[in-house]
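# Structure for the following, please:
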Amino acid sequence: MEMTGLKSFLITVSCAAIVLSATAGAATHTVTSPDGAIQVHVSDDGGELRYRVNRAEKVIIQPSLLGMRFAAHHGFDADLQIVGAKESSSDTQWEQPWGERRVVRDHHNELTLEVKRNKPEQSLTLRVRAFNDGIGFRYEVPKQPNLKDLTITEEFTEFNMDEKATAWWIPARKWNRYEYLYQKTTVDEMEMVHTPVTMRLTNGVHVSLHEAALVDYAGMSIEHRRGPNLVANLAPRSDGALVKVSTPFKSPWRTIQIAEQAVGLVNSDLILNLNEPNKMGDVSWFKPGKYVGIWWQQHIKDRTWGSDGIHAATTEATIEYMDFAAENGFDGVLVEGWNIGWDGDWYNNGDVFSFTETYNDFDIEKVAAYGRKVGVRLIGHHETSGNISNYEKQLDDALDLYQANDVAIIKTGYVADAGKLKRIDEQGIVRYEYHDGQHNVNHHQLVIDKAAEHKIAINPHEPVKDTGLRRTYPNWVSREGARGQEFNAWGVPPNGPNHVSNLVFTRMLSGPMDYTAGAFDLRPSERPPVTKEMGRHDKRSRIEHTLAKELSLYVTIYSPIQMVMDLPENYAARPDAFQFIKDVPTDWEQSIALSGEVGEYLVIARQDRNSSDWYLAAHTNEKARTLNADLRFLGEGQYTAQIYRDGENADYDAAPYDIVIETREVNAEESLSFDLGRSGGAVVRFIKR
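Numbers count the residues shown, from 1 in each chain. Alright, predicted model coming up:
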């Protein structure tokens, strides 16, 4: 149940259907946000559907085309007429079982347009919702004699934008999926880009384009064509189609989040509100928390995933990590490399991975039994190397094995170049799909559904992007879908000082990310290798943050499961700073972004769901700066502030470990000021007295 005793109400205003004759002039219908600031206008001028969006008399979306085309049928592209309209309003509250905030308000006005194509006769419903923080719209094609089984060949939804707006984006359809550093250009310099893509218009308004409720459809990228013209571009299937559906069907919502200030995007719940309510019922078996893992040592080349080296995933090593987790109050231990398939070129081992057979030096039953004894669960890992058919044929047995051994969370992986996910079709023919194509969207849904039957949560890496489906399927708890911490270990250019400042205003608008925070050794390549054979990555293997900024990631980058990613000995060397990681929760009563600019900095506050504690974090990019935080969010009472901040000389390059840890008494009438070094940060725990 999404509602647990919360007050909610729904107001619906139905207008008489507006029927227009074929000879009538163009019809235009408008829906306005509850606060009156945002207006969406939809018209059928010239037999084509178009929309435009304003906010407080500022242009957000210029007149832009709507519709789609089909392979063997007429499309919704010409001879269109709006023949009916209905308006409604809704103001409800619903409760997340876990999340950035417990209670979410869904307040919107809706315009439902009945659209008819005259020759031949076909019908389409366009549903538009206007919120105070943006809009969403989708296509709904009802069952009808002329349209049954459809192949979509083009969706020409446009977002005609201010071409000189500043945009922050990553490229789409490139080999490394979503794992790129963000570029900052004007809109007219964009390539084809993944969503969310964030923009600051020349009129000062901030906008993010994305989608919600991506189900049985292809993921949408945004293709820049010329000038202000941005067009939806769907990931193709291996057979050349974009989407194959049967009527009735609904497209994902096309979303436009709108805010005067950049932090308004961070505070938006629009994506979640456009998803369906929880379909899984009680999911209290999933517990948010923190985990450690046999993972980082492989990335920094201390150990290997496979048995053809210094194997990391042994029974003995896992038990040691479980002891470390239990001693420090962590819930789980992730183990990568436990199963057959990692030897040799595992990136291309998708055909041979087994998800039930262990290496000889890993005893899953013994590990699970020890975990029960010390109160720490094994976190499972399934790397598919991009072979989704091999995974699907073993999925039931793999989930049975994990359920029998008390595994409640699985990290899945789909390492493969974009467009190279392997599947075998019904005729036994090998096909290759995109990570955000319709086949893989449906594959992830299959995994989520089957995992729920086993009371297991899923955290996919190399995933399909997040579109808010965690509301509908609350065991879809986190995912990757961007450049995470592991890039800092590989001898490639590291993520850089502005990467996190980009992520929080772009990728993080879509939902939780398993960034794998908590690096305490910020120069792993400078450590001596365990053996000469293992070697070391070059000097570019480094985390370009201060230690205080690395702590701040536990608050700025949201996930209900947070990794404590470094080696135990590195935490033992800095127990005072490690205390914050032990204390910080991963489930929140509420979250408030206080100030920030895209790619520059963020100050954010979150309240623990299970206590009266508040947490505040601040970070900056490559620029040293002073950031202030007004403490009005604390409310009444006195608080003890435990502060972890950059020291006077802190600098990600010259002095990354310079940190000051101090305590002071504060209340809501005060403010805190932080002098942050380059790529620096600060974090505070507020304990109510």
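# My guess is residue 512 contacts residue 463. True?
No - with contact defined as CB atoms under 8 Å, residue 512 does not reach residue 463; the gap is 11.3 Å. (Glycine included, C-beta is placed from N, CA and C.)
# mind listing what residue 486 touches?
By CB atoms under 8 Å, 6 or more residues apart in numbering, residue 486 lies in contact with 299, 516.
# Next, count neighbours for residue 630.
Neighbours of residue 630 under the rule other CB atoms under 10 Å: 15.
# Report the contact partners of the closest residue to it other than its chain neighbours.
What sits nearest to residue 630 in space, not counting adjacent residues and going by CB to CB, 6 or more residues apart in numbering, is residue 671, at 4.9 Å. Neighbouring residues of residue 671 by CB under 8 Å, 6+ apart: 628-631.
# just the buried members of those?
Buried members of the contacts of residue 671, counted by 16 or more other CB atoms under 10 Å: 629, 631.
# Residues contacting stretch 256-269, please?
Residues contacting stretch 256-269 (CB under 8 Å, 6+ apart): 38, 53, 55, 60-61, 101, 104-106, 133-136, 159, 198, 200, 204-210, 270-271, 504-505, 508-509, 591-598, 602, 604.
# Now intersect those residues with the strands, please.
The strands, defined by DSSP state E, take in 38, 53, 55, 60-61, 104-106, 134-136, 198, 200, 206-210, 591-597, 602, 604 from the contacts of stretch 256-269.
# Please pick the buried ones from the residues you listed.
38, 53, 55, 60-61, 104-106, 134-136, 198, 200, 206-210, 591-596, 602, 604.
# how about the strands of the stretch 1-150 of the chain, start to end?
9-11, 28-32, 38-43, 50-55, 58-65, 68-70, 80-95, 103-117, 122-131, 134-141, 149-155 (DSSP state E, counting those that start in this stretch).
# before we move on, what about the stretch 201-350 of the chain?
Under DSSP E, counting those that start in this stretch, the stretch 201-350 of the chain gives strands at 206-212, 220-224, 230-234, 243-246, 249-250, 253-259, 289-294, 332-335.
# Setting aside sequence neighbours, what's the nearest residue to residue 483?
Nearest residue to residue 483, sequence neighbours excluded (CB to CB, 6+ apart): residue 179, at 4.9 Å.
# mind listing what the one you found touches?
480, 482-484, 487.
# I'd like those residues laid out as TSV, including pLDDT and secondary structure.
TSV is the format used below for the contacts of residue 179 (pLDDT from 0 to 100; DSSP: H, G, I helix; E, B strand; the rest coil):
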residue	pLDDT	secondary structure
480	98	coil
482	98	coil
483	98	coil
484	98	coil
487	97	helix
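# Selecting buried members of these in ChimeraX, what would you type?
Here is the ChimeraX command that picks out the buried ones among the contacts of residue 179, judged by 16+ other CB under 10 Å:
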select :480,482,483,484,487
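# Out of the contacts of residue 179, which is nearest to residue 342?
Ranked by distance to residue 342 (CB to CB), those are led by residue 480 at 19.1 Å.
# how much space between the closest residue to that closest one other than its chain neighbours and residue 563?
Distances taken as CB to CB, 6+ apart put residue 461 closest to residue 480, at 4.0 Å, once the chain neighbours are dropped. According to CB to CB, to the nearest Å, residue 461 and residue 563 sit 12 Å apart.
# Could you check how many residues crowd around residue 244?
By other CB under 10 Å, the residues close to residue 244 number 17.
# Could you report the distance from it to residue 212?
21 Å.
# Check residue 350 too.
Taking CB to CB as the measure, residue 350 falls 31 Å from residue 212.
# Next up, the contacts around the nearest residue to residue 91 once chain neighbours are set aside.
Counting by CB to CB, 6+ apart, the nearest residue to residue 91 once its immediate chain neighbours are dropped is residue 107, at 4.6 Å. If a contact means CB under 8 Å, 6+ apart, then residue 107 has 34, 90-92, 131-132 as its contacts.
# what's the closest of those to residue 444?
Nearest to residue 444 among these, with distances taken as CB to CB, is residue 131, at 26.7 Å.
# pLDDT score assigned to that closest one?
Note for residue 131: predicted pLDDT of 99.
# From residue 162, how far out is it?
21 Å.
# Can you tell me the number of residues neighbouring residue 89?
Per other CB under 10 Å, the neighbour tally for residue 89 reads 15.
# Repeat that for residue 348.
Neighbour tally, residue 348, other CB under 10 Å: 15.
# Quick check: it touching residue 385?
Yes - counting by CB under 8 Å, residue 385 is a contact partner of residue 348 at 6.4 Å.
# For the chain, just list every one of the helices.
262-266, 270-273, 296-299, 315-328, 364-374, 388-404, 438-453, 499-503, 547-556, 568-572, 575-583 (DSSP state H).
# Using a markdown table, lay out these together with distance to residue 111.
Below are these laid out as a markdown table (distance: least, CB to CB, whole Å):
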| stretch | distance to residue 111 |
| --- | --- |
| helix 262-266 | 23 |
| helix 270-273 | 16 |
| helix 296-299 | 50 |
| helix 315-328 | 52 |
| helix 364-374 | 53 |
| helix 388-404 | 39 |
| helix 438-453 | 28 |
| helix 499-503 | 34 |
| helix 547-556 | 36 |
| helix 568-572 | 54 |
| helix 575-583 | 47 |
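# Next, format those helices as JSON lines and append distance to residue 666, mean neighbour count and mean pLDDT.
Formatted as JSON lines, those follow (distance: least, CB to CB, whole Å; neighbours: other CB atoms under 10 Å; pLDDT from 0 to 100):
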{"stretch": "helix 262-266", "distance to residue 666": "22", "mean neighbour count": "22", "mean pLDDT": "98"}
{"stretch": "helix 270-273", "distance to residue 666": "32", "mean neighbour count": "25", "mean pLDDT": "98"}
{"stretch": "helix 296-299", "distance to residue 666": "36", "mean neighbour count": "22", "mean pLDDT": "96"}
{"stretch": "helix 315-328", "distance to residue 666": "27", "mean neighbour count": "19", "mean pLDDT": "98"}
{"stretch": "helix 364-374", "distance to residue 666": "37", "mean neighbour count": "16", "mean pLDDT": "98"}
{"stretch": "helix 388-404", "distance to residue 666": "45", "mean neighbour count": "18", "mean pLDDT": "98"}
{"stretch": "helix 438-453", "distance to residue 666": "43", "mean neighbour count": "19", "mean pLDDT": "98"}
{"stretch": "helix 499-503", "distance to residue 666": "26", "mean neighbour count": "25", "mean pLDDT": "98"}
{"stretch": "helix 547-556", "distance to residue 666": "17", "mean neighbour count": "28", "mean pLDDT": "98"}
{"stretch": "helix 568-572", "distance to residue 666": "28", "mean neighbour count": "15", "mean pLDDT": "98"}
{"stretch": "helix 575-583", "distance to residue 666": "17", "mean neighbour count": "16", "mean pLDDT": "98"}
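# For residue 285, find the nearest of these.
For those, distance to residue 285 was read as CB to CB. The smallest value, 9.7 Å, belongs to helix 438-453.
# got the CA coordinates for that closest one in CSV?
C-alpha atoms of helix 438-453 as CSV (Å, rounded to 0.1, in the frame of the first residue of the first chain):
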residue,chain,number,x,y,z
GLN,A,438,12.9,-2.5,-26.0
HIS,A,439,14.2,-6.1,-25.5
ASN,A,440,16.5,-5.1,-22.6
VAL,A,441,13.8,-2.9,-21.0
ASN,A,442,11.7,-6.0,-20.9
HIS,A,443,14.6,-8.2,-19.7
HIS,A,444,15.1,-5.9,-16.7
GLN,A,445,11.4,-6.1,-16.0
LEU,A,446,11.6,-9.9,-16.0
VAL,A,447,14.5,-9.9,-13.6
ILE,A,448,12.7,-7.5,-11.3
ASP,A,449,9.5,-9.5,-11.2
LYS,A,450,11.3,-12.9,-10.6
ALA,A,451,13.5,-11.4,-8.0
ALA,A,452,10.4,-10.0,-6.1
GLU,A,453,9.0,-13.6,-6.0
